[in-house]
Structures are given as structure tokens and as C-alpha cells.
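K.L.:
Pasting the sequence and the predicted model now:
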Amino acid sequence: MLPAYAESAAHSAGKAVGEFGTGVGEAVGQGMAESLNRLQPRWVTIDPKSKAACLEESGGVVNPVFVRCRNGRQELIRLDANGQKIVISERPIPTH
């Protein structure tokens, strides 16, 4: 049998390790949830740009790239494991 002070020290050490483990588990769980959330598809709005900016983007030609730039759009995107944006779908900006 351990003396009372040794038993108390052992209990305190065990409690500290348990609390540390809980904190680490919560941090890891929260980090995983944030990572999974970043991987979930979401709609982002790409605002319309000026005529000059869109002409520059389209190489000085009025073409579908120019029109897309001038109108703006919404993209359904997700991020891959490296943080690169992947566009899943596109749609016009809702008017209502």
C-alpha cells in the first residue's frame, strides 16, 4: 500500500495525463472537422469585372471568356488535400 502523499501524487499525475489526452483529442477532432469542412463543396461568387479588366483577361477579344468575366458567376468549389481549388459547377449570379 502506498503512503497517502504518494497515492495523491499518483492520482494527480494520472488526472493531468487524462486532461492532457482529452485536450489533444479535442484539438485533433476539431482540426479534422475543419479539414473535412474545407473539403465540402460550397458556392462562391465571382463578382463582375470592369470592361478593361475583362478585355485584358480575354486577350483583347470579345469572346465567351470576356462575357463570363463581365457577367460574373457563382462557382461550386471544393479544395483538394493540397488546398487547390476544384470547380465542380458554375451558374449565373442569382438576381433575387
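P.N.:
Perfect, I can see it now.
K.L.:
dump the residue contacts of Val65.
P.N.:
For Val65, the contact set (CB atoms under 8 Å, 6 or more residues apart in numbering) comprises 54, 57-59. Placement of C-beta: from N, CA and C, glycine included.
K.L.:
what about it, which helix or strand?
P.N.:
Element membership of Val65 [criterion: DSSP states H and E] is helix 64-71.
K.L.:
next structured bit after that helix?
P.N.:
strand 73-79.
K.L.:
Near the closest residue to Ile88 other than its chain neighbours, how many other residues are there?
P.N.:
The shortest distance from Ile88 to any non-neighbouring residue, by CB to CB, 6 or more residues apart in numbering, is to Leu76 (4.5 Å). Leu76 has 14 neighbours, counted by other CB atoms under 10 Å.
K.L.:
What of Gly60?
P.N.:
Neighbour tally, Gly60, other CB under 10 Å: 9.
K.L.:
how about it, secondary structure?
P.N.:
coil (DSSP: H, G, I helix; E, B strand; the rest coil).
K.L.:
For the helix or strand where Ser89 lies, give me every contacting residue.
P.N.:
Per DSSP H and E, Ser89 falls inside strand 85-91. Strand 85-91 is contacted by residues 41, 73-80 when judged by CB under 8 Å, 6+ apart.
K.L.:
Swap in 6 Å and give it another go.
P.N.:
Contact with strand 85-91 is made by 41, 73-78, 80, as judged by CB atoms under 6 Å, 6 or more residues apart in numbering.
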